[in-house]
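> Okay, predicted coordinates and the sequence, questions at the end:
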Amino acid sequence: MEILWLIIAGLGAFLVAWIDGANNAANSIGAPIGSGALKLRQALIFASIFEFIGGVIYGRFVSITLLRGIVDVSAVKPGDLIVGMSVALIVTGILVTLITRMRIPMSISQSIVGGLIGFGLAVGGLNSILWGEVSFIILAWAIVPFLGIAVGFLEYKLFNYLGRYMRGRRALLAGGSLFFLTVFTAIFLYLAEEGNPVATAYALLAGLAG
């Protein structure tokens, strides 16, 4: 029976991955396509490459949270855990597919976290949910849109300034610096999670200086 649920979970994971490309990936490539900066084929190639890289490098952090940060798995039987995770995947895939058909952008994270909370409540009641972690996640969902508004406003003003007052090599240098800062921050956060943040910072700075 557990083998059957593992197969169902695999199919659910495939469905979620597919609909993630249809919905979430469209969020990242919609702007460059709409602005004419990239053609559809180019945007899809970039999205497929970097979605894969991001999933491989950073995906496990979110996976750990979904496995251990929503439901107290120590209080759940292994068989129930397999069924619950499988159901959460299937529900997420179906729900986001319907939302995508309605042309509404939606985070898969919200759907799967909701599915896991529902599974936890069904199995162990209120005490089976790690409400501290869940509250932090919900708070982040509430803050991020407003943070995105602020950052989007500031970045537009900055790039508008660069476009007006900088030309040629200076504009390219400024844009490249912002891109480098973004990449540096992502690499630093990843390596800092792996080991000593201070040692990581010194190593990165030494590499840049050398």
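Okay, I see it.
> What residues sit buried inside stretch 5-18?
For stretch 5-18, the buried set under the neighbour-count rule, 16 or more other Cβ atoms under 10 Å, comprises 5, 8-9, 12-13, 15-16. The way it works is simple: take the backbone N, C-alpha and C, and place the C-beta from them, glycine included.
> Repeat that for stretch 142-150.
Buried residues in stretch 142-150 (16+ other Cβ under 10 Å): none.
> Which members of the buried residues of stretch 5-18 are positioned in helices?
The helices, defined by DSSP state H, take in 5, 8-9, 12-13, 15-16 from these.
> picking that back up, can I get the buried residues of stretch 5-18 in a markdown table including pLDDT?
Shown next, in a markdown table, are those (pLDDT from 0 to 100):
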| residue | pLDDT |
| --- | --- |
| W5 | 78 |
| I8 | 84 |
| A9 | 82 |
| G12 | 85 |
| A13 | 85 |
| L15 | 87 |
| V16 | 86 |
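> ok, of the ones in helices among the buried residues of stretch 5-18, which one's closest to G114?
V16 (13.5 Å; Cβ to Cβ).
> How many residues are close by the nearest residue to the closest one once chain neighbours are set aside?
In this structure, V16 finds its nearest non-sequential neighbour in G93, 4.8 Å apart by Cβ to Cβ, 6 or more residues apart in numbering. Applying other Cβ atoms under 10 Å, we find 24 residues neighbouring G93.
> could you list every residue that touches G93?
12, 15-16, 18-19 (Cβ atoms under 8 Å, 6 or more residues apart in numbering).
> does it sit in a helix or strand, and which one?
helix 78-101 (DSSP states H and E).
> Compute the mean per-residue pLDDT across stretch 102-121, please.
The pLDDT scores in stretch 102-121 average 86.
> and what of stretch 53-66?
In the prediction, stretch 53-66 has an average pLDDT of 78.
> buried set for it?
In stretch 53-66, the ones that count as buried by 16+ other Cβ under 10 Å are 65-66.
> tell me the secondary structure for I112?
helix (DSSP: H, G, I helix; E, B strand; the rest coil).
> Go ahead and confirm it touches S63.
No: I112 is beyond contact range of S63, at 10.7 Å (criterion: Cβ atoms under 8 Å).
> buried sites along the helix holding G93?
Judged by neighbour count (16+ other Cβ under 10 Å), helix 78-101 contains these buried residues: 81-93, 95-96, 99-100.
> can you check stretch 125-133 too?
128-130.
> wait, which of those residues is closest to L162?
Nearest to L162 among the buried residues of stretch 125-133 is L130, at 44.8 Å by Cβ to Cβ.
> Mutual contacts of I112 and S63, please.
With Cβ under 8 Å, 6+ apart as the test, I112 and S63 reach no residue in common.
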